[in-house]
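J.: Need coordinates for the below:
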Amino acid sequence: MKYMLMIYGNEVEYANMPAVDLQADMAAYYAFGASAGERVVATEALHDTRSATTVHVRDGKTITTDGPFAETKEQLGGFYLLDCKDLDEAIELAAQIPGAKTGRIEIRPCVVFG
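T.: Model (predicted):
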């Protein structure tokens, strides 16, 4: 089963992280990706919320807004799409993602159509 593991953290704190800490954090993410191995289907880091555009359609008109949909203390910073045997394995892997130590990891199973 595929699970989306979404990494939420405080992007302001991350942006102000000293370079040496940022390098160590990135090394930890690379190490996690290597340890997850072939279970990693896809992974991406996202630009901060200043680059976000929110789209909605009302009365047939497309409306765009600069910024994220909601203002929160923690922002979506990236994700892993993993192929795991079950939720327990997804939880075990989520706990190994470096962002789990300072933020939160949301796990959502992917819908299988058909």
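
J.: How about the contacts made by T62?
T.: T62 makes contact with 55-56, according to CB atoms under 8 Å, 6 or more residues apart in numbering. Every residue, glycine included, has its C-beta placed from N, CA and C.

J.: Is it in a helix, a strand, or coil?
T.: With DSSP: H, G, I helix; E, B strand; the rest coil as the basis, T62 sits in strand.

J.: distance of it from P68?
T.: For T62, the distance to P68 equals 18 Å [CB to CB, to the nearest Å].

J.: Where is the longest helix in this protein?
T.: helix 19-36 (DSSP state H).

J.: Could you give the average pLDDT over that one?
T.: Averaged over helix 19-36, pLDDT sits at 96.

J.: And the strands in the protein?
T.: For the chain, the strands defined by DSSP state E cover 2-9, 40-45, 53-58, 61-66, 75-83, 104-109.

J.: Check which helices and strands the last one is in contact with.
T.: Packed against strand 104-109, as judged by 3 or more CB pairs under 8 Å, 6 or more residues apart in numbering; DSSP states H and E, are the following elements: strand 2-9, helix 87-94.

J.: outside of it, which residues touch it?
T.: Strand 104-109 is contacted by residues 1-9, 74, 87, 90-91, 94-95, 97, 99 when judged by CB under 8 Å, 6+ apart.

J.: Neighbouring strands of that strand in the sheet, and parallel or not?
T.: Strand 104-109 sits in its sheet next to strand 2-9 (antiparallel), going by DSSP bridges.
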